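> Sequence first, then the predicted structure, then my questions.
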Amino acid sequence: MNEMQLKFLARSENEEFARNVVAAFSLSLNPSLADLSDIKTAVSEAVTNCIVHGYRGEEGWITLTCKTEGNCLHIEISDSGRGINDLEQALTPFYTSLPSEERSGMGFTIMQTFMSTFSVESKSGEGTTVKMSKDFGAKAEADAG
């Protein structure tokens, strides 16, 4: 098992940094290029949600925690921003709380599709935490077979 934690300002220029850090951290699990792409995309979506929806242009911090456990990468991304008033609605594909900014409303759906597990916890006025994991066990077993 290995673990790391990173705290950075909620600025758009840090989104690429976060996705590359997670990709580098996951290399010990020998991910395929497709797996790396999935992980980077999911992290980008989560970090962008923190910046755009959690803080809406205000200063704030994002905390990124990663852990490897067996053949699995666990990722947790959290903010202490606005939180989500209606989580069920927010998880609906194509729903966006900022339609004037031409958001697709697919961030959570993309995270859920690209990762093995996905969950969101949020409290209005306190922030949001996205937890997701990518299991490389099936790939490792197929490579060994």
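Happy to help now that I have it. In this text the structure is predicted, and so the values were computed from the model without any measurement.
> ok, which stretches of the protein are strands?
Remark: strands of the chain, listed N- to C-terminal, are 2-9, 61-69, 72-79, 117-123, 127-135; assignment by DSSP state E.
> Dihedrals phi and psi, Asn71?
Taking degrees, to the nearest 10, you get phi -100, psi 20 for the backbone angles of Asn71.
> quick one: average pLDDT of the longest helix belonging to the chain?
In the chain, with assignment by DSSP state H, the single longest helix is helix 33-49. Across helix 33-49, the average pLDDT comes to 96.
> Now do that helix: which elements does it pack against?
In this structure, helix 33-49 makes packing contacts with helix 13-26, strand 61-69, strand 72-79, helix 107-114, strand 127-135, judged by 3 or more C-beta pairs under 8 Å, 6 or more residues apart in numbering; DSSP states H and E. C-beta here means a position set from N, CA and C on the backbone, and glycine is covered the same way.
> To Asn49, which of the ones you listed lies closest?
Nearest to Asn49, of all those, is helix 107-114, at 5.3 Å by C-beta to C-beta.
> CA atoms of that closest one as CSV?
Once non-C-alpha atoms are left out, helix 107-114 reads as follows in CSV (Å, rounded to 0.1, in the frame of the first residue of the first chain):
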residue,chain,number,x,y,z
GLY,A,107,-19.0,15.5,-15.2
PHE,A,108,-20.3,13.1,-12.6
THR,A,109,-21.5,10.7,-15.4
ILE,A,110,-18.0,10.7,-16.9
MET,A,111,-16.4,10.0,-13.5
GLN,A,112,-18.8,7.1,-12.9
THR,A,113,-18.3,5.7,-16.4
PHE,A,114,-14.5,5.8,-16.4
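> Give the other helices and strands that it contacts.
helix 33-49, strand 117-123.
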